[in-house]
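Visitor: Turn this into a structure:
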Amino acid sequence: MVEKVNKIVSIVIIMLLFCGGLGCTESPKSVVDSDYTNSIGMEFMKVPAGEFIMGSPSDEDGRWENEGPVHKVTIEDSYYLGKYEVTQEQWCELMDNNPSNFKIDDFPVQKVSWSDAQEFIEKLNEIEGTDKYRLPSEAEWEYACRAGTTTRYYFGDDSSELDEYGWCDGSWDSVLMHPVGQKKPNPWGLYDMYGNVWEWCQDRWHDDYDGAPSDRSAWENGSSSLRVVRGGGWRYYSGSCRSALRYNDGPGPRRYSIGFRVLMEI
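Guide: Residues are numbered from 1 along each chain as shown. Model (predicted):
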């Protein structure tokens, strides 16, 4: 009898620890899960904590001077990053408009400024009842793009393989933007980190990495009004789709080739 009572008590304790009470019917989604989907269907992949060398070595083919000096960045906490670029359907659901030139629901939204992206994120946080959504910092973007790799691309150094992973090398009079998620993902399950549309980051633009943060934070100091874009676009040559390549634009203009993806803090 004593043994039976002890067994019941043990079961009750386990239920309290893992369910938060006797009335639960299923376990809540854990923050250690590798993916997450929010209320408007935006999918996110978990990016693990770690460290990496940001920028490109001096001998990398196609390197730009603004990609150095290389420096170690420590990512102390994991985070979620959009599995795909924000789509036109997701944008319309929150913003009630579609600024894109090529209006197709599962295409990435385009012709959105950095300021427009901030407005979308503000509304997303409001709808989700949180403050955890934001643009990724430049360091978070490159870390997630590289996914543990150190080569020009997350699949290696040979640009001839790029066609399997991203939409690049289109001419200015062609429509080579495509629905999100049609190519192969990177090792952490993120799609279209190369090509389709350039992606806004939170950071102000700096001409090189001299003085850059050594953590995942956005580099917000300085006097430049420009903001960082990453990843290359469908109209740009393959060299612009390298993991280390960085470019910029003002926070107000709306370009055909710029969109964004969203980060969610854990």
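Visitor: what does the longest strand along the chain rub up against?
Guide: Ranked by residue count, the top strand of the chain under DSSP state E comes out as strand 198-204. With C-beta atoms under 8 Å, 6 or more residues apart in numbering as the test, strand 198-204 has contacts from 85, 112, 114, 117, 134-138, 141, 218-222, 224-233, 247, 255, 257-261. Any C-beta I mention is one placed from the backbone N, CA and C, and that applies to glycine too.
Visitor: Note down every partner strand of the next helix or strand after it and its orientation.
Guide: Sequence-wise, the next helix or strand downstream of strand 198-204 (DSSP states H and E) is strand 227-230. If you go by DSSP bridges, strand 227-230 pairs up with strand 198-204 (antiparallel), strand 246-249 (antiparallel).
Visitor: Pipe these into a markdown table and attach mean pLDDT, distance to residue 130 and mean neighbour count per row.
Guide: Formatted as a markdown table, the strands paired with strand 227-230 follow (pLDDT from 0 to 100; distance: least, C-beta to C-beta, whole Å; neighbours: other C-beta atoms under 10 Å):
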| stretch | mean pLDDT | distance to residue 130 | mean neighbour count |
| --- | --- | --- | --- |
| strand 198-204 | 98 | 17 | 26 |
| strand 246-249 | 97 | 28 | 19 |
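Visitor: Quick one: those strands as a markdown table, columns for distance to residue 77 too.
Guide: As requested, those are arranged in a markdown table below (distance: least, C-beta to C-beta, whole Å):
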| stretch | distance to residue 77 |
| --- | --- |
| strand 198-204 | 16 |
| strand 246-249 | 23 |
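Visitor: Show me where the stretch 1-150 of the chain dips below the pLDDT cut-off.
Guide: Applying pLDDT under 70 to the stretch 1-150 of the chain flags residues 1-32.
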